[in-house]
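> Let's see this in three dimensions:
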Amino acid sequence: MEQLDSLFLVLGIAVVLCSYLHYWRRTGDARGVLLFWRRAMAMSVLEFKLQRAGLLLMLVAVVLRFIGALG
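Modelled structure (predicted):
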């Protein structure tokens, strides 16, 4: 279980970073990537879905780690 949550966490971070890299290559907007929490990024549908999938993987990793700590 411990290895699974670490795997999901690393995969989630990698997928989110991949979506930001794709955005940066498409737009050349490095400032938008550095300030990703602002709503200034106009992501494509693919970039948005990749970002959300990565966030979901990270959330699953946190839930698995929480469950592992309880049991």
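
> Where does pLDDT dip in this structure?
Applying pLDDT under 70 to the chain picks out residues 1.

> Spatially central, which residue of it would that be?
residue 16 (2.9 Å; C-alpha atoms, centre = their mean).

> Can you list the buried residues in the helix or strand hosting it?
Assigned by DSSP states H and E, residue 16 belongs to helix 2-27. Within helix 2-27, the residues scored as buried using 16 or more other C-beta atoms under 10 Å are 5, 8, 9, 11, 12, 15, 16, 19, 20, 22, 23, 24. C-beta: built from backbone N, CA, C; applies to glycine.

> What is the burial count for the residue nearest to the residue nearest to the centre of the chain when sequence neighbours are not counted?
Nearest non-adjacent residue to residue 16, counting by C-beta to C-beta, 6 or more residues apart in numbering: residue 54, 3.5 Å away. Residue 54: 20 surrounding residues under other C-beta atoms under 10 Å.

> what's the angle from the host helix or strand of residue 54 to helix 2-27?
Using DSSP H and E, the element containing residue 54 is helix 45-70. Per axes from the mean of the first three to the mean of the last three C-alpha atoms, to 10 degrees, the angle that helix 45-70 makes with helix 2-27 is 160 degrees.

> Go through helix 45-70 and flag the buried ones.
Buried, per 16+ other C-beta under 10 Å, within helix 45-70: 47, 50, 51, 53, 54, 57, 58, 60, 61, 64, 65.

> what's the fourth one in contact with, if anything?
Under the criterion of C-beta atoms under 8 Å, 6 or more residues apart in numbering, the contact partners of residue 53 comprise residue 15.

> separation between it and residue 68?
22 Å (C-beta to C-beta, to the nearest Å).

> try the second one
For residue 50, the distance to residue 68 equals 27 Å [C-beta to C-beta].
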